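**Student:** I would like the atomic coordinates for the input below:
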Amino acid sequence: MDQNIIDLIIDEITKHPEISYRRPNANELKIFGTPIQGFDITLYIGIRENMLIFDQFHWHYDNTEEEIDEMLNKITYALFGYIRIKEFFNNKQPYKRVLQVQDQKGNWYDDQTMGKINTFLGKPDNRYLQNMILTKDTENNSYSLPNEDKT
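**Tutor:** Next comes the predicted model:
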């Protein structure tokens, strides 16, 4: 890829003034999530691989066209709210997070889970973290939803 991945992303997100971001250095980009119930997106690029972070979830991508496309799609899904994080907590302490993806029919399915043993006493509860920075009505969007229906 001739153009730096971060430069490519910035070229796209600057078309949407509602997206806030910071570029601390040439190899790092932080896109800020919706203030109340969203999550930040952080990208680190390297010579051999790239790392994408949503809240506590992270992925490593090789510098191949296929994996870069997959990574860019995941960022797009997160900005449009088609990826969310279901957070479980007890006594205001998070103990488990589930990354969920919405399919073309509007159904949510669990994609990944991470957590620790819940040793807290009391009633467990949960909340959803979901960015709604961009909407389906956003002009010139070039996203496509996942076509998996795992429900």
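
**Student:** what about the strands in this structure?
**Tutor:** Using DSSP state E, the strands of the chain run over 20-25, 28-32, 41-45, 49-54, 57-62, 83-90, 93-102, 108-115, 124-130.

**Student:** what's the burial count for Gln100?
**Tutor:** Using other C-beta atoms under 10 Å, Gln100 has 19 neighbouring residues. The way it works is simple: take the backbone N, C-alpha and C, and place the C-beta from them, glycine included.

**Student:** could you list everything it pairs with in the sheet?
**Tutor:** Arg84, Asp110 (DSSP bridges).

**Student:** could you check the angle strand 108-115 makes with the lowest-mean-pLDDT helix or strand in the chain?
**Tutor:** Least confident element among the helices and strands of the chain, by mean pLDDT, DSSP states H and E: strand 124-130 (a mean of 84). Using axes from the mean of the first three to the mean of the last three C-alpha atoms, to 10 degrees, the direction of strand 124-130 lies 120 degrees away from that of strand 108-115.

**Student:** now the angle from strand 124-130 to strand 49-54?
**Tutor:** Going by the same axes, to 10 degrees, strand 124-130 makes 120 degrees with strand 49-54.
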